[in-house]
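Enquirer: here's a sequence, model it:
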Amino acid sequence: MARILRPLLRGTTYTRLLHLWVPMLIVSVWLFIDMSKPWVPALVLVPLGLLVPGVRKGEGVQAQLLLTPGEEDSGISTTPSATWRDRFRTVLWLEARMGLSVAVGFATVWLPVLTVDLTGAALGRVPDDNPLLPISEPHWAYALLAPLPLIALYALVVGLGELVTALARRLLGPSPAERLAALEERTEHLLERTRIARELHDSIGHALTVAVVQAGAARAAGDPAFTERALDAIEETGRAALEDLERVLGILRESERPVSSRPTLTDADRLLESARASGAKVDADLAGPLETVPGPVSREGYRILQESLTNVLRHAGSVPVRVRIEVADDSLALEVRNPLTADIPGPGRGSGLRGIRERAALLGGRAHTGPHEGDWQVHVELPLS
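Expert: Reported below is the predicted structural model:
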């Protein structure tokens, strides 16, 4: 019993009833003007829904506020009509809403009146000119029928509230184009979160690796001059990592912030010098105009190079490293090679290596990470178009 009466305690039941009442008020005003043509308001809705795109937005806002209050994902669109299909759906919605409004208006007026008349008939009073209740003589048995109109009213209000909500989701719901746009936006958000995770992993991981390697080398060397150079390298790498961290946190705080401030391959010298300062013997070969590489490719290439050098320092230490970056007409080739050691992880392990492959795949390129001819190799090819 409590479950059946639960809708009476929900505010949504009454906001939906209010939503259904609104068109009936317009119909009532028109009936005062010309009762002989009750169909005129329904006729006016056709050009209104077809010719005014903003009608769909207004109806969607009303539906969200009154039919699905508090729901984060109501399934109801609040954008103007963009296609003729949206306009026809809006017209169908307006007509359906008006029809349901007339039904609710009739029920909320006449069903309570019917209960009052049945109660009066049970108490000995004959109703005056009630077309729904042709009673000629009073009788106590009418008291048994008096609750039925109220029960019917309750069922009608709750049922039509659910029906109008379902119709709103169907007729005012997102069009295929809007659903596709929402899906693309969600995909962009997910990709952005993944990219930020990679940014933090690559930048902070690189800085910590350099700091650990430099500190260990300085302790082992026991040379004040070398220790001073190591501290300078740690300081410089730490400052760069703090700048990257601040920039990534800025992206989180400002979702519309442009990514043009992210480092690109034109800043590769900073990575190479950082690796050299950590003891690695880096032999770099940069061929082609790096400044002409498209922004997304250049930024991801920088991160791939950063992660590759970080892996060398973390797993191989101070070893010779060969870096080759070549810009051709339609592709960017990036290769990092170093002598193979026992501590280097296999090609399928490590989030950094997986991140390199994911970055390449995201841009339509390919990446190979693993042993090759006695060396550990990271070889990436990225299309420029």
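
Enquirer: can you give me the neighbour number for Leu50?
Expert: Counted with other Cβ atoms under 10 Å, the neighbours of Leu50 add up to 15. Backbone N, C-alpha and C define where each C-beta goes, glycine included.

Enquirer: quick one: which helix or strand includes it?
Expert: Taking DSSP states H and E as the criterion, the element that holds Leu50 is helix 40-51.

Enquirer: show me what that helix is packed against.
Expert: Applying 3 or more Cβ pairs under 8 Å, 6 or more residues apart in numbering; DSSP states H and E, one finds that helix 40-51 contacts helix 11-33, helix 54-66, helix 84-122.

Enquirer: domain map for the protein?
Expert: 2-174, 180-383 (automatic domain parsing).

Enquirer: compare the mean pLDDT across these and name the weakest.
Expert: For the domains of the chain, mean pLDDT drops lowest on domain 180-383, to a mean of 77.

Enquirer: run the chain-centre distance for that domain.
Expert: Remark: domain 180-383 is offset 29 Å from the chain centroid, using Cα atoms, centre = their mean, to the nearest Å.

Enquirer: if we can go back for a sec, then the helix holding Leu50 to CSV, C-alphas only?
Expert: Taking Å, rounded to 0.1, in the frame of the first residue of the first chain, the C-alpha atoms of helix 40-51 are listed here in CSV:
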residue,chain,number,x,y,z
VAL,A,40,-7.9,26.6,-33.3
PRO,A,41,-5.2,26.4,-30.6
ALA,A,42,-4.1,23.0,-31.9
LEU,A,43,-3.9,24.4,-35.5
VAL,A,44,-1.8,27.3,-34.4
LEU,A,45,0.8,25.0,-32.9
VAL,A,46,1.7,23.6,-36.4
PRO,A,47,3.3,26.7,-37.9
LEU,A,48,4.7,27.7,-34.5
GLY,A,49,6.6,24.4,-34.2
LEU,A,50,7.7,24.4,-37.9
LEU,A,51,8.8,28.0,-38.3
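
Enquirer: just to revisit the earlier point, which one of the helices and strands packed on helix 40-51 lies closest to Leu384?
Expert: Minimum separation from Leu384 across the helices and strands packed on helix 40-51 (Cβ to Cβ) falls at helix 84-122, 39.2 Å.

Enquirer: mind listing what's buried in that closest one?
Expert: Under the neighbour-count criterion of 16 or more other Cβ atoms under 10 Å, helix 84-122 has 86-87, 89-98, 100-102, 104-105, 107-108, 110-111, 114-115, 117-118, 120-122 buried.

Enquirer: now the end-to-end length of stretch 69-77.
Expert: From the first residue to the last, stretch 69-77 extends over 14 Å; the measure is Cα to Cα, to the nearest Å.

Enquirer: next, the buried residues of it.
Expert: By neighbour count with 16+ other Cβ under 10 Å, stretch 69-77 contains the buried residues 74-77.

Enquirer: with stretch 157-164 instead?
Expert: When neighbours are counted by 16+ other Cβ under 10 Å, the buried residues of stretch 157-164 are found to be 157-158, 160-161, 164.

Enquirer: which residue is nearest the middle of the chain?
Expert: Central residue of the chain (Cα atoms, centre = their mean): Arg186, 3.5 Å from the mean position.

Enquirer: residue most distant from the centroid, this structure?
Expert: The chain, Cα atoms, centre = their mean, max distance from centroid: Glu137 (66.0 Å).

Enquirer: wouldn't it be in contact with Val126 here?
Expert: Yes. When contacts are counted by Cβ atoms under 8 Å, Glu137 is listed as touching Val126 (7.0 Å).

Enquirer: can you give me the neighbour number for Leu31?
Expert: The number of residues near Leu31, taken as other Cβ under 10 Å, comes to 14.

Enquirer: please report the distance of it from Ala221.
Expert: According to Cβ to Cβ, to the nearest Å, Leu31 and Ala221 sit 97 Å apart.

Enquirer: next one: Glu162
Expert: Computed as Cβ to Cβ, the Glu162 to Ala221 distance reads 77 Å.

Enquirer: and if you look at Arg314?
Expert: As judged by Cβ to Cβ, Arg314 and Ala221 stand 20 Å apart.

Enquirer: more neighbours: which of those two?
Expert: Counted by other Cβ under 10 Å, Arg314 and Ala221 do not tie: Arg314 has more neighbours, with 20 against 14.
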